[in-house]
Structures are given as C-alpha cells and as structure tokens.
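**Q** just coords:
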Ligand code: NAI
C-alpha cells in the first residue's frame, strides 16, 4: 500500500509562507481575526494575501493564487462567491480544487462541550471526494428544454479516497468506515465508488466496513448520529452530509475543513459558506476560520502554537461561553476574538 508522502511547505528564515484567500462575504473579516490571533500567539507564519473577485475573471488573480499556493504548498481560504443565477460563470472554488488536485476533503465533526446543539457528543469524520462527481461542471442543453449534467466517477479517484480513509482510520485509531452512496439507482457511478471501497476495505481487516444509501444516511444522521465513525462519499453527498452534521453540532460557524492532494493543502471553514448577509455586522462566528488556522498550524508542524490557540478557543467557547448569535449567544465576533487573545496572553504555555 502506497503511503501518502508528506506535503512540502515553504519556509523562509524559520517562518512559513502561506497563501491567504479571504474570498467574499465574511471571509475578509474572519481573516483579519486570524491575523490578529496569530500576532498574539507568535505564530511564525507570513501571509501572501490574494483577493479573487469572481466577476473579474480576466484580472489574473485566480492564476496568481494558484501559482502562490504551488510555491507555498499551503493556503487558508474563505469562500469565493459563485452566483447561481449567473450563467456561464464557473465556481472559482471548484476550479481551485481541481487545478491543485485536492482530491480529499476532511471534516472532523466533533461537538464542542457546553455549546447548545441539536445533538451532543458527536465525533464523526467525513472524508469526501473533492474533485469530481457532480462537480464536474459538465452541463449542456442537448435540445431546447432538455438539460444534461454529467456526474463523473473514476476508479483512480475512488481508490485514492478509499485508501486515504482506511490509512486515516488505521493511523488515528478509528474503528469503522461507512461508504455512503446511491448505488441502487446510480449503478455505474456510485456502484464503482462502492465496489472500489469494498476492495480497499479487504486490505484493512482491522477496520470494520459497511455501506449505507445516502437517503437513509441523512435520516440516521439526524436520529442516531452516534453510530457513525468515519464516512466516505462522493462530492455532492459530501457537501450535503457535511452541512447536516454541522447543523447538528451548531451550524456553519464552528467547524473547519481540510483539503488535501499529494502536493498541496488548503484549509477553510467546513461548510464553505460566504455568509454575505451577515458580512460587516460584527456577528459572524469567527470559530470556523480560527479552527481552520489551527489545522493549518498543525499541518505546518507548529503544534505548540496550534495547541495554544485551540486551548484558548476551547476556554472561550466551552468554559466562558462567549458565543455569537448563531450559537444562541449575544457576543460580537470581536468579543470572541478578544477573549481568545486574552487566554493566549494569560497562558503559561506560550512558546517563547
Ligand atoms: P450562506 O453563506 O448564506 O450561509 C448559510 C447560513 O449560515 C446563513 O444563515 C449564514 O448567515 C450562516 N453562516 C455562515 N457562516 C457563518 C458564520 N461564520 N457565523 C454565523 N453564521 C454563519 O450560505 P449558502 O446560501 O449555502 O451559500 C452562499 C454561497 O456559498 C454561495 O456562493 C454558494 O455557492 C457557496 N457555497 C456554499 C456551500 C454550502 O455548503 N452551503 C458550499 C460551497 C459553496
């Protein structure tokens, strides 16, 4: 079994260079919080900030972002808005993942103690194919009033996702992997994904494997979510299931998501929302992006800085209960960030 080689990262004078793509909506303000927290935590990271305006495809910013991520190896990003009503404009987020071959998306859905949520003590890992499936963006109108949309599933990518998931389970002590699919209807595409995962499962007898149809999965998730450990699925199911689990835990403002390929890693809020309606109002929950920044520090090997920030977040949220309105609180975004910084400054585990 081929092991995933470490993803190279850029480092200059002991500091990492990381590409920062604020995106639209609440992205820029959340990135500002990340920079502020990194300053007080002394995180040795320099950001190369690139603004991508989805309406300015000819500006060259997207191509510059790709070059920058290829040079730095790592990025943190907000969501670049894709308007569904604008025909012809393709998602820059999807294009970026495809261009960098970020074939895996991981969402560790773990409940925060003392945060009001529909379900408690959830600890599920969603591993999603991130570059094909329904996101192939291959749609056309064959004759007037008839639109066809292609869902692309390849054996190569199904194999990569399954191997990644079983290696992940083995290395993290996870016990069970569930393949989510609709192979009863999409016999060829989802059938290939399911069969490939069954084949790889045979190589890992220590990890239990089962499968579940996506419809039943959604029902089981809202009624009995604790039965799940690690889940693997194709791209669109991954997006929907991620949103369902985030909803159970407390919404779009909490969890982070990680995107990996063989060469690059990109960190972002788990549900990839833009939050345009709440932008500039000082109410957006900063946690999802701060958690993404912790993931990024761990990836870069700055474990002490990552632990410092993670501990400060935990104290702010689970102990002090400084919560933004999406979690039932009345704190401003900046109240949360300020408390996180206060905990960092009080911590006796600062790395200097
Ligand atoms: P949205 O941006 O309207 O967010 C959905 C809900 O979550 C809203 O009520 C918003 O206020 C809330 N929310 C999001 N982030 C928050 C935060 N940090 N703190 C507090 N509340 C927060 O999401 P919608 O309508 O799904 O998508 C808008 C844009 O995002 C579109 O361009 C879409 O393409 C893109 N997008 C959404 C994804 C999703 O999984 N929902 C995935 C990929 C892209």
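**A** Looks like it came in fine. What you are looking at is a predicted structure, and each value in this text was computed from that prediction instead of being measured.
**Q** Not including adjacent chain positions, what is the nearest residue to the most centrally placed residue in the chain?
**A** Per Cα atoms, centre = their mean, the C-alpha nearest to the average position across the chain is that of residue 257, at 1.7 Å. Once flanking residues are discounted, residue 257 sits nearest to residue 270: 4.0 Å by Cβ to Cβ, 6 or more residues apart in numbering. For glycine as for every other residue, the C-beta is placed from the backbone atoms N, C-alpha and C.
**Q** quick one, phi/psi of that neighbour?
**A** Main-chain torsions, residue 270, degrees, to the nearest 10: phi -60, psi -40.
**Q** just checking, it touches residue 288?
**A** Yes. Between residue 270 and residue 288 there is a contact under Cβ atoms under 8 Å: 6.2 Å.
**Q** What is the burial count for residue 139?
**A** 9 (other Cβ atoms under 10 Å).
**Q** That one bridge partners, please.
**A** Per DSSP bridges, the residues bridged to residue 139 are residue 149.
**Q** shouldn't it be in contact with residue 151?
**A** No. Contact criterion Cβ under 8 Å: residue 139 and residue 151 do not qualify, at 10.7 Å.
**Q** Contact residues of the stretch 201-350 of the chain facing the ligand?
**A** By the rule Cβ under 6 Å from any ligand atom, the part of the stretch 201-350 of the chain lying against the ligand is 239, 243, 252-253, 271-278, 284-285, 288, 326.
**Q** And the buried ones among the residues you listed, selectable in ChimeraX?
**A** Typed into ChimeraX, the next command selects the buried ones out of these (criterion: 16 or more other Cβ atoms under 10 Å):
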select :239,243,252,253,271,272,273,274,275,278,284,285,288,326
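**Q** I'd like to know which of the residues of the stretch 201-350 of the chain next to the ligand is nearest to residue 59.
**A** residue 274 (19.1 Å; Cβ to Cβ).
**Q** contacting residues for that closest one?
**A** Residue 274 makes contact with 23-27, 78-79, 81 under the criterion Cβ atoms under 8 Å, 6 or more residues apart in numbering.
**Q** Which of the residues you listed sits closest to residue 129?
**A** For the contacts of residue 274, the nearest to residue 129 is residue 79 (19.2 Å; Cβ to Cβ).
**Q** what about that closest one, how many neighbours?
**A** 23.
**Q** Could you do the one 5 residues further on as well?
**A** Around residue 84 sit 7 other residues, with neighbours defined as other Cβ under 10 Å.
**Q** One more: residue 171?
**A** Count around residue 171 with other Cβ under 10 Å applied: 10.
**Q** show me where this protein has strands.
**A** Here the chain has its strands, by DSSP state E, at 11-12, 15-21, 45-49, 74-77, 104-110, 123-129, 139-143, 146-149, 176-181, 208-213, 230-233, 256-260, 265-269.
**Q** The third one packs against which elements?
**A** Meaning strand 45-49. Applying 3 or more Cβ pairs under 8 Å, 6 or more residues apart in numbering; DSSP states H and E, we find strand 45-49 packed against strand 15-21, helix 27-41, helix 287-300.
**Q** Okay, buried residues for it please.
**A** 45, 47-48.
**Q** and that strand, how far from the chain's centre?
**A** Strand 45-49 has its C-alpha centroid displaced from the chain centroid by 20 Å (Cα atoms, centre = their mean, to the nearest Å).
**Q** what sits up against it?
**A** So strand 45-49 is contacted by 12, 15-22, 31, 35, 38, 68, 72, 76, 296-297, 300, 302 (Cβ under 8 Å, 6+ apart).
**Q** again, only using 7 Å
**A** 15-20, 22, 35, 38, 68, 72 (Cβ atoms under 7 Å, 6 or more residues apart in numbering).
**Q** related to what we said a few turns ago, now a ChimeraX select for only the buried ones of the contacts of residue 274.
**A** Applying 16+ other Cβ under 10 Å to the contacts of residue 274 leaves a buried subset, and the ChimeraX line that selects it is:
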select :23,24,25,26,27,78,79,81
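**Q** could the contacts of residue 274 go into TSV alongside distance to the ligand and pLDDT?
**A** What follows is those, written out as TSV (distance: Cβ to the nearest ligand atom, whole Å; pLDDT from 0 to 100):
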residue	distance to the ligand	pLDDT
23	9	95
24	8	94
25	6	95
26	6	97
27	10	97
78	10	96
79	5	94
81	4	84
